[in-house]
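1. How does the following fold in three dimensions:
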Amino acid sequence: MPRRGRGRKKSRTHADETASSALSHEKIPTSLVIRRGKTSAELAELITDVRRMMQPFTALHFQEDPKNRKLTISQYATNLALPMGISHMLVFRQNDNRCHLRLARLPAGPVLSFRVHQFSLSRHIQNTQRRPVSWTAGLSSQPPVVVTNNFGDESSPHIKLLRITFQNL
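-> As a prediction, this is how the structure comes out:
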């Protein structure tokens, strides 16, 4: 026997207009964490820790394509990162037991270069804690706090650029 009458009709199909318009005016910074060249296993684990820390606006399982290995960072940014809507790029590189980090603001912003002397992995920190906090429960649920007290000479333009870049990241 055929069904008679109408079925239920959805009455609320879209989100509230005021909430969506507030999000559209605000550009959320997105970042990409990659490595260049061959890296040790510990540095690869550091890269995954940084990706987890930068969630939810960072690709957690991003795979670097081997055919893009010869691209410079600026070519990598223009060819791959800008079409994906990436605003910041963190690049790790390792050679001769030295680790380097470059933080770039895309498309033409400043590029900050750092040499990493030492670092701690999340598993090492969890091993030292009496009651370790998991990533899903405690650390990734709230955004990180950037404290820039005693960051250096306040009058220096380089320190001011560092502070602004870290806060916008």
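2. Name the spans of this protein whose pLDDT lies under the cut-off.
-> By pLDDT under 70, the weakly predicted segments of the chain are 1-3, 14-26, 134-144.
3. show me where it has strands.
-> Here the chain has its strands, by DSSP state E, at 31-36, 88-95, 98-105, 111-116.
4. which stretch among these comes nearest Phe151?
-> Closest approach to Phe151 among these is made by strand 111-116 (13.0 Å; Cβ to Cβ). The C-beta positions use only the backbone N, C-alpha and C, and glycine is treated the same way.
5. tell me how far that closest one is from the chain's mean position?
-> Remark: strand 111-116 is offset 16 Å from the chain centroid, using Cα atoms, centre = their mean, to the nearest Å.
6. Contacts made by it with the rest, please.
-> The contact list for strand 111-116, computed with Cβ atoms under 8 Å, 6 or more residues apart in numbering, reads Ile73, Arg98, Cys99, His100, Leu101, Arg102, Leu103, Ala104, Arg105, Leu161, Leu162, Thr165.
7. What segments of this protein are helices?
-> 17-25, 41-53, 73-76, 122-128, 157-168 (DSSP state H).
8. Check which helices and strands the longest one sits against.
-> Identification of packing neighbours for helix 41-53 by 3 or more Cβ pairs under 8 Å, 6 or more residues apart in numbering; DSSP states H and E yields strand 31-36, strand 88-95, helix 122-128.
9. switch the cut-off to 6 Å
-> Using 3 or more Cβ pairs under 6 Å, 6 or more residues apart in numbering; DSSP states H and E as the contact test, the elements touching helix 41-53 are strand 31-36.
10. Give me the buried positions along the strand it packs on.
-> By 16 or more other Cβ atoms under 10 Å, the buried positions in strand 31-36 come out as Ser31, Leu32, Val33, Ile34, Arg35, Arg36.
11. Including distance to Ala81, could those go into TSV?
-> Shown next, in TSV, are these (distance: Cβ to Cβ, whole Å):
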residue	distance to Ala81
Ser31	10
Leu32	6
Val33	11
Ile34	9
Arg35	14
Arg36	14
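12. what's the closest of those to Gln118?
-> Arg35 (18.1 Å).
13. Run a quick neighbour tally on the closest residue to that closest one other than its chain neighbours.
-> Distance criterion Cβ to Cβ, 6 or more residues apart in numbering; nearest residue to Arg35, sequence neighbours excluded, is Phe92 at 4.7 Å. By other Cβ atoms under 10 Å, the residues close to Phe92 number 20.
14. I am finished for the moment; much appreciated.
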